[in-house]
Structure formats: C-alpha cells, structure tokens
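# got a structure for you, letters missing:
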C-alpha cells in the first residue's frame, strides 16, 4: 500500500537553484584582477596563480546562490581567496617541493642574483621585502585596508576578528612599514654617499 512518490510534488518541494551564466561571467570579469592580486599577496606562487584563481571562481560559482549580500561581493571573494591560499600554503606539495631540473635551478639562481642587484630599480621588490617584515596577521589587515581599500568593519567581518583587533593590527603594521621604509631610505642614502 505504499504510494509511489509523485515526481511533480518532489521537484516542487526542492527549489532548483541555478546561477545564470551571465551573472557568473560578470562576476568573473569584474573581480578577476582582485582575486589574482589577492592570491599573489597571500603567498601563492606565480606558477600556481591561474589554477588557484580558477579554484576561487569555481568555489564562488558553486556558492553564489548561498551569498546573502550581508557584505560586499568583493569581501566575500576575498574570504574565499584567503581560505584557498591558506590551504595552498599548508599543502605538502608547496612546502616540500624541490626542483630537480638543472636548467630551472640555474634560471632561479640567476633571477635571484639579478633581483638582488636591481632592487633599487624595482619598487615592487622593495615593497615585498618590507611586507615580509610584517607579521602575517598584521600584513593581511594592512593589505586589505591599504591596497584593497576595505574598511575596518569589512575586514573584521572577513577575518572574523573584532574591529579593535583590526585597528590594532593596522596600527602596528603601519609602524613597521614606516620603519622599514626609513631604513631602506637610509641604506640607499649611504650607498649613494659611498659611491656604490
């Protein structure tokens, strides 16, 4: 006496959630640069940026119907980037990868030597070096505020920390950044003075 389930009733009770391709295409085109640069700043190697960018957008595509609009879409994407980058940095293939191709080892060494000698001409390398002096927690808040132009409450929501913690980390990151910029300026001035 079991009744057969009525497919029409079952499909009516389970809402079909579909994300229009046009909406996702707009999301991708609008936020590609943000995702790419966020992953790069969060420690993803250049060789892996495209794969992880795709992973972020795949995650966003699958979760877009769940997005409630309680934050900006860019803030939501930043959170996905942060989780993807954290998983990437924790993966054993990233931590213990060893290049065995002699040609790529020689190339890497040449690039490193060239990078050290040309550091004066490349502000990007200087910034990366300075950011490397800031703790990861402070650096993340600093980059979100100064580069991605998120405000304090957005950062607090994104990172799951209090607004006071955001302000504290930002203040200490700025102090470290200023100190390192001054140190770099003094190094350059002394090199110019000594004629190096």
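Structure's in. What do you need? Since the structure is predicted, the reported quantities are computational estimates derived from the model, not experimental observations.

# hey, let's count contacts and neighbours off CA atoms from now on
Will do.

# tell me what the longest helix seen in the chain is packed against?
As assigned by DSSP state H, the longest helix anywhere in the chain is helix 163-194. When contacts are defined as 3 or more C-alpha pairs under 8 Å, 6 or more residues apart in numbering; DSSP states H and E, helix 163-194 packs onto helix 123-131, helix 136-146, helix 152-159.

# Got the domain ranges for this protein?
Using automatic domain parsing, the domain parsing of the chain gives 7-95, 102-194.

# Make CSV out of the ones you listed and add mean pLDDT and mean neighbour count.
Shown next, in CSV, are these (pLDDT from 0 to 100; neighbours: other C-alpha atoms under 10 Å):
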stretch, mean pLDDT, mean neighbour count
domain 7-95, 77, 15
domain 102-194, 75, 15
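
# Out of the helices and strands packed on helix 163-194, the one nearest residue 58 is which?
helix 152-159 (19.4 Å; C-alpha to C-alpha).

# what angle separates the closest one from helix 136-146?
130 degrees (axes from the mean of the first three to the mean of the last three C-alpha atoms, to 10 degrees).

# and helix 152-159, what does it pack onto?
Using 3+ C-alpha pairs under 8 Å, 6+ apart: helix 152-159 touches helix 73-90, helix 136-146, helix 163-194.

# These: which one's closest to residue 50?
Comparing those against residue 50 with C-alpha to C-alpha, the closest turns out to be helix 73-90 (12.4 Å).

# which strands and helices sit next to the closest one?
Against helix 73-90 (3+ C-alpha pairs under 8 Å, 6+ apart) you get helix 21-41, helix 49-63, helix 152-159.

# got the angle between the longest one and helix 123-131?
Interaxial angle, helix 21-41 versus helix 123-131 (the same axes, to 10 degrees): 70 degrees.

# repeat for the shortest one
Using the same axes, to 10 degrees, one finds that helix 152-159 and helix 123-131 are set 70 degrees apart in direction.

# For helix 152-159, what is the distance to the chain centroid?
Relative to its parent chain, helix 152-159 has a centroid offset of 15 Å by C-alpha atoms, centre = their mean, to the nearest Å.

# who touches residue 181 in this structure?
Residue 181 sits next to residue 130 when contact means C-alpha atoms under 8 Å, 6 or more residues apart in numbering.

# I'd like the numbering to begin with 69 instead of 1 from here.
With 69 as the first residue, the last one maps to residue 249.

# Distance of it relative to residue 213?
Counting by C-alpha to C-alpha, to the nearest Å, the gap from residue 249 to residue 213 is 18 Å.

# related to what we said a few turns ago, nearest to residue 121, out of the helices and strands packed on helix 220-227?
Nearest of the helices and strands packed on helix 220-227 (C-alpha to C-alpha): helix 141-158, 8.1 Å.
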